[in-house]
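# Sequence and predicted structure below; questions after.
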Amino acid sequence: MSDPDVPESQQPYHAVDDTLGDSEPDPNRIEKRLRLVRSVTKRSIAELFSDSVTHGWTPVRAGIVTGSLVDPATIRHPHIRAHAMEGRLFWTEVADALRAYSISCIVLAEKSAFEKASGMIHLGEGELKRTLAGLGRRVEGPWRSEEKLGALAAWVALSSE
C-alpha cells in the first residue's frame, strides 16, 4: 500500500527530514503521500480482484487485521499518533477499495481478534487457536501470528453475513 520508489509513502505522516521532529509539519507533503497511498492501494486491490475473477472466484467478503482500532485523535504523543494515523489510513483505504468492488469487510484488531472472532464464530478462543495451529501444519512456509490472524480474519469474514 506504499510505493517502494517513494519510501516516505510507507509512513506518510512522518517527517522525511529527521531534524523536523516526530511528525511531518507540511500538510502538502502529507497530502501528496496520502494520494500515493490511495492510488497504490486502489491499483493493488484492482489487480487482486482481476486475478480472482480470472481464476473463477467471486470474492464477496474480506477480513482485515489491524494493529489497533483506537481513534488516533485520542493519542496525545505526536509520534505514536502519527503511527496510529498511518495504521488507520492503511486499513481504511483497503476497506474502501474493496467496497468499490462490493466486497464487504470485517476489521479485527490484533489484540482482541480472538475474543471478537470467538463471539462471531461461536467457538471458544482455545478451540480457534488449536484449529488455526492445525491449519498451519498443512501449509508450506511460515505460519506465524500474522498468518494465523489473516486466516482468522478470513474465517470470520466467511462466517459473517
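Structure received. Predicted model only: the values in this text are computed from it and were never measured.

# What is the longest helix of the protein by residue count?
Identified as the longest helix of the chain according to DSSP state H is helix 27-54.

# Mind checking what helix or strand follows that one in sequence?
Once helix 27-54 ends, the next helix or strand along the chain (criterion: DSSP states H and E) is strand 61-66.

# Need the CA coordinates for that next one. PDB is fine.
Presented in PDB, the C-alpha positions along strand 61-66 are these (Å, rounded to 0.1, in the frame of the first residue of the first chain):
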ATOM      1  CA  ARG A  61     -16.200 -10.600   1.900                       C
ATOM      2  CA  ALA A  62     -12.800  -9.900   3.200                       C
ATOM      3  CA  GLY A  63     -11.100  -9.900   6.600                       C
ATOM      4  CA  ILE A  64      -8.700  -7.200   7.600                       C
ATOM      5  CA  VAL A  65      -6.400  -7.300  10.700                       C
ATOM      6  CA  THR A  66      -5.000  -4.100  12.100                       C
END
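
# The following helix or strand past that strand vs strand 61-66, what angle?
Counting by DSSP H and E, the element after strand 61-66 in chain order, helix or strand, is helix 78-99. Here helix 78-99 points in a direction 170 degrees away from that of strand 61-66 (axes from the mean of the first three to the mean of the last three CA atoms, to 10 degrees).

# buried sites along helix 78-99?
Buried residues in helix 78-99, counted by 16 or more other CB atoms under 10 Å: 81-91, 93-95, 97-98. Quick note: C-beta positions are derived from backbone N, CA and C, even for glycine.

# Burial check on Ser68, number of neighbours?
Here the number of neighbours of Ser68 (other CB atoms under 10 Å) works out to 16.

# Tell me how many other residues surround Met1.
Neighbours of Met1 (other CB under 10 Å): 21.

# Contacts only, for Gly126.
Shown in contact with Gly126 (CB atoms under 8 Å, 6 or more residues apart in numbering): no residues.
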